[in-house]
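Colleague: What would the 3D arrangement of this be:
(4 chains)
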2 protein chains.
Amino acid sequence: MTEKNQAAASETETQPARLLRIQEAAAEVGLTPRSVRYYEEMGLLRPAARSEGDYRLYDSTDLERLRFIKGLRDDAGFSLAEIAQLLEDEEARERGHAAFHASTDPVERKRILCERVASFERQIETLQRKIDRLQAIVDETEGRRARSLAKIEAIGTDQPC
Amino acid sequence: MTEKNQAAASETETQPARLLRIQEAAAEVGLTPRSVRYYEEMGLLRPAARSEGDYRLYDSTDLERLRFIKGLRDDAGFSLAEIAQLLEDEEARERGHAAFHASTDPVERKRILCERVASFERQIETLQRKIDRLQAIVDETEGRRARSLAKIEAIGTDQPC
DNA sequence: CTGCACTTTCACGTAAACGGCAAGGTTGCG
DNA sequence: CGCAACCTTGCCGTTTACGTGAAAGTGCAG
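Modeller: Here you go, the predicted model:
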């Protein structure tokens, strides 16, 4: 957030703060402009800025977010509703981050951090369950592969498959 | 297949070969009758038998198959088309199994087995890719959890969260 | 054999996740 | 300034994976 404001405030030569229009941004992460607009409509993200003529403008953190969304959709098969939940948790953590810095009470600070940790753990558990079930299928397939390989050994004609 | 025929041929006391109607079968694996019919329509499975009055009748291998389908859908987010592909591979392997027993030529037998192994490896790779990407997300989340825990340690008020 | 629950096929309805087009506004190069 | 290429919102179409009746047949307990 600090970075974002700084970049928006002045185009220092340190970071040009490239803002992409929707087509370029979508292409960058492997999506279509239509999908990106749809994700916005579903409340999954809002572009960093709008141009004078109301063009959507995306920065690097937006691209990160889009990659995160695409990853969860393509790799894990999460629905947009589930992804929205995960992103909401993430934002709750960021609000916690702000509240953390606003407070000086160590007890309050600890409570915020503990909540954060619990949130991470819930997310990890959700993902881990999927991994475990996938792994179980892989394990079974590996076993069957191994049995086939054993049979090949037993035949032992010296051809290379 | 041998088991199936044997069971259908005679109800030995060893295995009563329970056949379930669609509602009971669907409930058994946590699906709706409509979904099961739809899967059949999509070519994912055919019931073991039909009753006199054309009722679908499912045996235990059908239930296995339904659980496999449900697992891939719920856990991995595979589309029915992708699942159909995996099941098709499985059936190709079973046809290979039959061809294997039909042949006595060791070279031919080895070729069949090698094809089988390659098929298993393709399936494993497909699943492993999903697992890897999910694991990457988990790893990153774990890292962030660890950093939060470190901060909690640094505060060190002796409250239990 | 009668009634009730279950089943069949057929057909239409729906939610999610976009695709695609129309009508009009914006950017920016020449 | 002109104009091609991009963008906007709005809206309707499409695919996937079912849900939900309707109309008619089946299975079985009483």
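Colleague: Pull the contacting residues for A:Gly71.
Modeller: B:133, B:137 (Cβ atoms under 8 Å, 6 or more residues apart in numbering or on different chains). Placement of C-beta: from N, CA and C, glycine included.
Colleague: quick one: it and DNA strand C, what's the gap?
Modeller: According to Cβ to the nearest atom of the strand, to the nearest Å, A:Gly71 and DNA strand C sit 12 Å apart.
Colleague: Could you chop chain A up by domain?
Modeller: A:18-77, A:79-153 (automatic domain parsing).
Colleague: Next, format these as a markdown table and append mean pLDDT.
Modeller: Compiled in a markdown table, the domains of chain A are given as follows (pLDDT from 0 to 100):
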| stretch | mean pLDDT |
| --- | --- |
| domain A:18-77 | 96 |
| domain A:79-153 | 92 |
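Colleague: which residues in chain A form helices?
Modeller: Taking DSSP state H, the helices of chain A run over residues A:2-9, A:22-29, A:33-41, A:60-76, A:80-102, A:106-155.
Colleague: same for the last one, what does it pack against?
Modeller: When you say that, I think you mean helix A:106-155. Under the contact definition 3 or more Cβ pairs under 8 Å, 6 or more residues apart in numbering or on different chains; DSSP states H and E, helix A:106-155 sits against helix A:80-102, helix B:60-76, helix B:106-155.
Colleague: And the shortest one, how far out from the chain middle?
Modeller: On the basis of Cα atoms, centre = their mean, to the nearest Å, the separation between the geometric centre of helix B:60-76 and that of its chain is 5 Å.
Colleague: What is the neighbour count of A:Leu20?
Modeller: A:Leu20: 19 surrounding residues under other Cβ atoms under 10 Å in any protein chain shown.
Colleague: Which residue lies closest in space to A:Ser60, excluding its sequence neighbours?
Modeller: Of all residues beyond its chain neighbours, the one nearest A:Ser60 is A:Arg18 (7.3 Å), with distances taken as Cβ to Cβ, 6 or more residues apart in numbering or on different chains.
Colleague: Tell me the spacing between the one you found and DNA strand C.
Modeller: 12 Å.
Colleague: re earlier: of all the domains of chain A, which one is nearest B:Asp158?
Modeller: For the domains of chain A, the distance to B:Asp158 is smallest for domain A:79-153, at 10.0 Å, taking Cβ to Cβ.
Colleague: Could you give the separation of that closest one from the chain centroid?
Modeller: The answer for domain A:79-153 is 11 Å, by Cα atoms, centre = their mean.
Colleague: ok, that domain near DNA strand D or not?
Modeller: No. Judged by Cβ under 7 Å from any atom of the strand, domain A:79-153 and DNA strand D are separated, with a smallest distance of 11.2 Å.
Colleague: give the contact list for whichever residue of chain A sits closest to DNA strand C.
Modeller: Of all residues in chain A, the one sitting closest to DNA strand C is A:Gly53 (2.1 Å; Cβ to the nearest atom of the strand). Residues near A:Gly53 by Cβ under 8 Å, 6+ apart: none.
Colleague: show me what contacts A:Thr32?
Modeller: By Cβ under 8 Å, 6+ apart, the contact list for A:Thr32 reads A:Ala26.
Colleague: hang on, the earlier thing: pick the most deeply packed of the helices and strands packed on helix A:106-155.
Modeller: Most buried of those, by mean neighbour count (mean count of other Cβ atoms under 10 Å in any protein chain shown): helix B:60-76, with a mean of 18.
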